[in-house]
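Colleague: 3D model of this:
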Amino acid sequence: MVVVTLQRAKCIGCNYCVEMAPEQFQMSKKDGKSVLLHATDKKGFHTVKSSDDSIYDSCKQAQLACPVKIITTTKTKS
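Modeller: Numbers count the residues shown, from 1 in each chain. From the prediction side, this is the model:
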């Protein structure tokens, strides 16, 4: 199980996450901030839980590239 979380309110719109993981992130045309696709929002934390382990590497790269450190990516045993 891969869990990816984005604190969208703190996004500065640098686009690195989209470059690293375009299947999981895109930029909003409304406000220029990152959107974590298929995420659920809970108090400003947008989260995706996926059983597809293949997304882990690209999401981890997005986490490491993010200059404001608002992305977390974890892998757990399911």
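Colleague: which residues in this protein form helices?
Modeller: 16-20, 56-65 (DSSP state H).
Colleague: CSV for those, including mean pLDDT?
Modeller: Converted to CSV, those look like this (pLDDT from 0 to 100):
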stretch, mean pLDDT
helix 16-20, 98
helix 56-65, 98
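Colleague: okay, these in JSON lines with distance to Lys30 and mean neighbour count next?
Modeller: Quick note: C-beta positions are derived from backbone N, CA and C, even for glycine. Shown next, in JSON lines, are the helices of the chain (distance: least, C-beta to C-beta, whole Å; neighbours: other C-beta atoms under 10 Å):
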{"stretch": "helix 16-20", "distance to Lys30": "15", "mean neighbour count": "19"}
{"stretch": "helix 56-65", "distance to Lys30": "21", "mean neighbour count": "19"}
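Colleague: now those helices in TSV, with distance to Val2?
Modeller: Formatted as TSV, the helices of the chain follow (distance: least, C-beta to C-beta, whole Å):
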stretch	distance to Val2
helix 16-20	15
helix 56-65	5
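Colleague: among these, which comes closest to Leu36?
Modeller: helix 16-20 (8.3 Å; C-beta to C-beta).
Colleague: what's that closest one packed up against?
Modeller: Applying 3 or more C-beta pairs under 8 Å, 6 or more residues apart in numbering; DSSP states H and E, we find helix 16-20 packed against strand 25-27, helix 56-65.
Colleague: nearest to Ile12, out of the ones you listed?
Modeller: Of the helices and strands packed on helix 16-20, nearest to Ile12 by C-beta to C-beta is strand 25-27, at 11.5 Å.
Colleague: those strands in the protein, which residues are they?
Modeller: 2-7, 25-27, 34-36, 40-42, 45-50, 71-75 (DSSP state E).
Colleague: buried sites along the fourth one?
Modeller: Yep, that's strand 40-42 we're talking about. By neighbour count on 16 or more other C-beta atoms under 10 Å, the buried set for strand 40-42 is empty.
Colleague: what about it, average pLDDT?
Modeller: Within the predicted structure, the mean pLDDT of strand 40-42 is 97.
Colleague: strand partners (parallel or antiparallel) of that strand?
Modeller: strand 45-50 (antiparallel) (DSSP bridges).
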